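*Asks:* build me a model:
(2 chains)
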Amino acid sequence: DAGVTQSPTHLIKTRGQQVTLRCSPKSGHDTVSWYQQALGQGPQFIFQYYEEEERQRGNFPDRFSGHQFPNYSSELNVNALLLGDSALYLCASSLAGGTTNYGYTFGSGTRLTVV
Amino acid sequence: KQEVTQIPAALSVPEGENLVLNCSFTDSAIYNLQWFRQDPGKGLTSLLLIQSSQREQTSGRLNASLDKSSGRSTLYIAASQPGDSATYLCAVVARGSTLGRLYFGRGTQLTVWP
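*Replies:* A predicted model of the protein is given here:
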């Protein structure tokens, strides 16, 4: 049973560019959330997708956008990259928004470096 | 706004010691609490999940307790090993308007030396 799969593993982009990160949830999960983790910090919530809609959003600018597909996989897009966007981006999947006995399952993350 | 704090920020101990990691949260209206382990540069591995109606959960050498009314959780690690070296993160799942959102602490960085 595959867990959460994220791609790519590492990415280097230049300021001002755009990037797309991808996530396939754990089999059976229907909800995908994205988190940004800066070095030495705890993960910060970006947004959550359920039934192909953005259900919640954290304190991130509109440069951060996403999408969920009918097969529950998801993409995170970041436009006009800033140096401060350099971080580990984590995808987490769950059932019914994490409000079950099973909690969240995280992927290995995508390390984004903006130069 | 929910805030999660973890103490201590870092801990370095010899192999074999029993450890207690602390987590506190400001809003007791939580759905559940989850402890994760993170190795350097890697993703999060779930260790234990405690529902808001539960007091504790155990898995092998790990035991997590939850006191929702006081906004505290502890992760107890028995007979620590060098392989336990990692960052341990505590996260709560909120109720109410942000139902399902995880709020994380900054973690406790644990080093167990032989």
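*Asks:* average pLDDT for stretch A:42-58?
*Replies:* Averaged over stretch A:42-58, pLDDT sits at 93.
*Asks:* buried set for it?
*Replies:* Buried positions in stretch A:42-58, judged by neighbour count with 16 or more other Cβ atoms under 10 Å in any protein chain shown: A:42-50, A:55-56, A:58. C-beta: built from backbone N, CA, C; applies to glycine.
*Asks:* show me the beta-bridge partners of the residue nearest the centre of chain A.
*Replies:* Geometric centre of chain A, nearest residue: A:Trp34, 2.9 Å, by Cα atoms, centre = their mean. The residues listed as beta-bridge partners of A:Trp34 by DSSP bridges are A:Phe47, A:Cys91.
*Asks:* measure it to chain B for me?
*Replies:* Here the criterion is Cβ to the nearest Cβ, to the nearest Å. By it, A:Trp34 lies 11 Å from chain B.
*Asks:* residue contacts, that residue?
*Replies:* Shown here is A:Trp34, whose contacts under the criterion Cβ atoms under 8 Å, 6 or more residues apart in numbering or on different chains are A:21, A:23, A:45-48, A:66, A:74, A:76, A:89-92.
*Asks:* quick revisit: which ones among the buried residues of stretch A:42-58 map onto strands?
*Replies:* In strands, judged by DSSP state E, the following of the buried residues of stretch A:42-58 are found: A:44-50, A:55-56.
*Asks:* and the gap between B:Pro14 and chain A?
*Replies:* B:Pro14 sits at a distance of 25 Å from chain A (criterion: Cβ to the nearest Cβ).
*Asks:* wait, doesn't that residue sit right on B:Pro82?
*Replies:* No - when contacts are counted by Cβ atoms under 8 Å, B:Pro14 is not listed as touching B:Pro82 (9.8 Å).
*Asks:* quickly list what's touching both of the two.
*Replies:* Between them, B:Pro14 and B:Pro82 share these contacting residues under Cβ under 8 Å, 6+ apart: B:112-114.
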